[in-house]
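Engineer: my questions are about this predicted structure, shown below with the sequence.
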Amino acid sequence: MIRVTVLGSGTSHGVPAIGCDCDVCRSPDPLDKRTRPSILIEIVGQPASAFAGAVRSILVDTSTDLRAQALANDVRRVDAILFTHTHADHVFGLDDVRRFNQMQRSAIPCFADADALGSLRRMFSYIFEPPKQLGGGLPQLLLFRIAGAFTLGGVEIVPVPLFHGMLPVLGFRVGSFAYLTDCNRIPDESFALLAGVRTLIIDALRQRSHSTHFSVGEATAAAARIGAERTFFTHISHDLGHVATNASLPAGVELAYDGLVLEVPT
Ligand SMILES: [Zn+2]
Ligand SMILES: [Zn+2]
Ligand SMILES: [Zn+2]
């Protein structure tokens, strides 16, 4: 089984947005507070001996809010990091993984496609081309290029090519679960990779269409084509209030929220 924790369900600005007085940004409902998008996948329910030195806690993206998310959800291990793409909201918490390096006394393997690896090296040149004086220390990372499905902690990780506007990005499938953040088009070949997915987290920015993100209607249609039993929307903007939006969605489809935990058989 895997346990998926939604660390952040918000769009790049977060909700509330700085300086916004709209009803959702001013909402007292904690479900309307959304940090930047990320999930944690924990592999659970297998004999401890199978885990000697093995991967059991996989972070997807290192959001701007990583430190706050790790504290809020008591995240104590990160054995591997998967990157969907390198937009700022998905990577700018990378420096915070130093604490996991310290606690685990090891480097953390990071997996991304070739373009994303190049961007990470440029965006974080202080990590990958370090200066002489290290100050508070640097994240200890090992970069691996994703070139197809691979195995971590005994589970298969299937990269799912998606389009985020013109930008090719990755979703990830693990067993009957898939995480498809930041996309507005799923190629036919990727629908084939998603056959049999029962629990889905998918981008749905707002009701109106957008050039790089699915709208609620588009995400609902994509989820129906995939045939998931349970669908949760993420990367949610301040256009969508939690309670009101959920009341309008079809059965089996709802908004994710920060701190949502899903248990999925593998
Ligand atoms: Zn994003
Ligand atoms: Zn607002
Ligand atoms: Zn993005």
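Structural biologist: The structure has been received and is ready for your questions. Ligands and ions are numbered 1, 2, ... in the order given.
Engineer: point me to the residue of the chain nearest ligand 3.
Structural biologist: residue 87 (3.4 Å; Cβ to the ion). For the C-beta atoms, the positions are set from N, CA and C on the backbone; glycine is no exception.
Engineer: right, and that residue touches residue 182 too?
Structural biologist: Yes - at 6.9 Å, residue 87 and residue 182 qualify as touching, with contact defined as Cβ atoms under 8 Å.
Engineer: neighbour count: the two, which is higher?
Structural biologist: Shown here are residue 87 and residue 182; by other Cβ atoms under 10 Å, residue 182 has more neighbours (28 against 19).
Engineer: chain center to stretch 225-245: distance?
Structural biologist: 15 Å (Cα atoms, centre = their mean, to the nearest Å).
Engineer: first vs last residue of that stretch, how far apart are they?
Structural biologist: Using Cα to Cα, to the nearest Å, one end of stretch 225-245 lies 21 Å from the other.
Engineer: list the buried ones in that stretch?
Structural biologist: 226, 228, 230-242, 245 (16 or more other Cβ atoms under 10 Å).
Engineer: for stretch 242-257, same thing?
Structural biologist: The neighbour-count check on stretch 242-257 (16+ other Cβ under 10 Å) flags 242, 245, 249, 253, 254, 255, 256, 257 as buried.
Engineer: ok so, going back, inside helices: which ones of the buried residues of stretch 225-245?
Structural biologist: Applying DSSP state H to the buried residues of stretch 225-245, the entries found in helices are 226, 242, 245.
Engineer: with pLDDT and distance to ligand 2 as new columns, can the residues you listed be given to me in TSV?
Structural biologist: Formatted as TSV, these follow (pLDDT from 0 to 100; distance: Cβ to the ion, whole Å):
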residue	pLDDT	distance to ligand 2
226	98	30
242	98	13
245	98	14
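Engineer: distance to ligand 1 added to the residues you listed, as TSV?
Structural biologist: As requested, these are arranged in TSV below (distance: Cβ to the ion, whole Å):
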residue	distance to ligand 1
226	20
242	19
245	19
